[in-house]
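A.B. asks: dropping a prediction and its sequence here:
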Amino acid sequence: MKTDRRDFVKIIATLGAGTIAPQASEAQASSVSEGPREVVASDARTVVETRYGKLCGFWRNGIFIFRGVPYGESTGGENRFKAPRAPAHWTGIRNALQFGRACIQPSSDSAHFNYDGRNSAGSEEAFLMHSGAGKLVPGEDCLQLNVWTPAIKDARRRPVMVFMHGGGFEGGFDNDLASYDGESLARNDVVVVTHNHRLNLFGYLNLAAIGGAKYTANAGLLDLVAVLAWVRDNIAEFGGDPGNVTIFGQSGGGGKVLCLMAMPAAKGLFHRAIVQSGPYLKAQSREASSEITAEVLRQLGVSPAEVDSLQRMPVDRLVGAGAEALKKLMGPRPTFGRVYGTEGWQPVVDGTVLTHHPFDPAAPLESADVPLMTGTIFNEITSALNHPIANAMSEAELQQGIHEAFGERAAAIIAAYRRDYPHATPFGIYGAIAAEPFRRAAQEQAARKAALGAASAYVYLYAWRTPMLDDRPGTFHACDLAFTFDNAVRCDQYSGLRPEALQLAKRMSGAWVAFARTGNPNHPGLPHWPAYQRNGACMIFDNKCEVRAGVEAEGLALIAKS
């Protein structure tokens, strides 16, 4: 996992919410529909024709897979920092067998990479998340996508689920984690699409104010629109329904979903939206964006009149200047009360691509008729990963830490969280309070969506604890992906292949698929999940699933006043 996600996962706590609900049978949840054991790559059987040319993918155990499909031209040279251009047509059959390049990222800049690991131990997070499942091959020809589908050219219209990867708006890529693989999810008779797009400086360096209308402040967001336009124009050949498209994303991917919901250019290209741990309400201001741009130019020794020279500049020099600019401008990121979306490489309210903040002060009217599902992990950025003495935190240390963050309201905040989680350890309470920016944002997204009165919103909280590492890590940012993609078997270092993990993966992926199919996540494996109103129903995903109302409402209100 890349730079921004490492910022998210630092320390923290553990706790599971006890729950009750009807359960699916163990046999049903444990079964894995693999189909016949065969792999085929054949011009006769695995070729699809898009509007740009023919593609040869492959078929594995009942699922057709196409990788590295271009949805835009290379973004290098004269295309750098501009809106994406449609891919060129090709003749013959292009192979779609391997994942494409990913956007160039700070970790891929050799001049700013730390080569001395000092024999430090491996990351527990990387072990549990199967991080590094794919190899990062950076490039500016990164506008490529991947498709998993049960059938091609069969005139069926299956729901389409388009995933936005995590890593903030700075890092990550389409096959970074094993959980991103769409094969298992596609077995639910849906079409799954993942993709790469421009990030960090390449996606969000705002040259428009000084370089004119040929540049855009939000190239990365326009790439996402280009993905959805490709889906609209081509997905029917892959067995998908262009009139039933769900966008879903985790962490920064959730922020991308929220921005798309507010973009005039994306209106009508999707029909449902899911945000997983995406703590965003606002985007960056033009003033903050301009300050970063000015500092990048200073680092490069380039005047505003010479801005076009950035299109010819070596990428390592650009990446290095971007890294130095953020190092100079950004202060330390706090554990408590952090606001996401307003600093660093972020989408910009530029008045054109993004005309207003995504979900502040209200939900966007551009997507008023689009149902929303949004939720969080019990412990997000604060968990016991790589922190073996976390659960030794004393009550006095808890009190001191919360008092330092929230002053005189600390005792009342701790008491409110204890009422919600009476069996939590001091570190468990600490971690739950630290998740406030995520929890509050998710609840505000849903409440503001519900207030429009045009489409339903649903809220969830993921509380399942991995049994690995002696049950210490608890829950942590991005751990739910293995289950939402129905990849509990593939991600066995997280699930432990426990029957209860396989069952929960079926319940959760079933909810995601049901929502993609109908805009309602209810299905027979879950208790009834009502739509959300402020301080209303929240589905708790755990070994047993239940619905609670007003989750953390008192504690979140006290923190807001602090």
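C.D. replies: Structure's in. What do you need?
A.B. asks: hey, where'd the strands end up in the stretch 201-350 of the chain?
C.D. replies: Shown for the stretch 201-350 of the chain, the strands assigned by DSSP state E, counting those that start in this stretch span residues 240-250, 272-276.
A.B. asks: could you dump those into TSV and include mean pLDDT and mean neighbour count?
C.D. replies: Bear in mind the C-beta positions are built from the backbone N, C-alpha and C, glycine included. Putting those into TSV (pLDDT from 0 to 100; neighbours: other CB atoms under 10 Å) gives the following:
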stretch	mean pLDDT	mean neighbour count
strand 240-250	98	23
strand 272-276	98	28
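A.B. asks: nearest to Lys449, of the ones you listed?
C.D. replies: strand 272-276 (9.1 Å; CB to CB).
A.B. asks: report the distance from that closest one to the chain centre.
C.D. replies: 9 Å (CA atoms, centre = their mean, to the nearest Å).
A.B. asks: helices or strands next to that strand in the packing?
C.D. replies: strand 240-250, helix 252-261, strand 372-377, helix 499-518 (3 or more CB pairs under 8 Å, 6 or more residues apart in numbering; DSSP states H and E).
A.B. asks: paired strands for it, with orientation please.
C.D. replies: strand 240-250 (parallel), strand 372-377 (parallel) (DSSP bridges).
A.B. asks: pLDDT (mean, whole number) over the last one?
C.D. replies: Just to be clear, that refers to strand 372-377. In this model, strand 372-377 has an average pLDDT of 97.
A.B. asks: ok, now stretch 525-543?
C.D. replies: The model assigns stretch 525-543 a mean pLDDT of 96.
A.B. asks: and the end-to-end length of that stretch?
C.D. replies: 12 Å (CA to CA, to the nearest Å).
A.B. asks: for that stretch, which positions count as buried?
C.D. replies: Neighbour-count burial for stretch 525-543 flags 525-526, 529, 531-532, 535-543 (criterion: 16 or more other CB atoms under 10 Å).
A.B. asks: these in strands, which ones?
C.D. replies: 537-541 (DSSP state E).
A.B. asks: before we move on, back to that, got TSV for the helices and strands packed on strand 272-276, with distance to Asp350 too?
C.D. replies: Converted to TSV, the helices and strands packed on strand 272-276 look like this (distance: least, CB to CB, whole Å):
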stretch	distance to Asp350
strand 240-250	21
helix 252-261	12
strand 372-377	24
helix 499-518	31
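A.B. asks: ok, which of those comes nearest Gly453?
C.D. replies: strand 372-377 (13.2 Å).
A.B. asks: ok, of the ones in strands among the buried residues of stretch 525-543, which one's closest to Phe359?
C.D. replies: Phe359 has its nearest neighbour among those in Cys538, at 18.0 Å by CB to CB.
A.B. asks: tabulate the strands of the stretch 201-350 of the chain (TSV), appending distance to Leu310.
C.D. replies: Below are the strands of the stretch 201-350 of the chain laid out as TSV (distance: least, CB to CB, whole Å):
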stretch	distance to Leu310
strand 240-250	29
strand 272-276	33
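A.B. asks: next SSE after the helix-or-strand element of the chain with minimal mean pLDDT?
C.D. replies: Every helix and strand of the chain was ranked by mean pLDDT, DSSP states H and E. The lowest is helix 26-30, at a mean of 33. Downstream of helix 26-30, the first helix or strand assigned by DSSP states H and E is strand 39-40.
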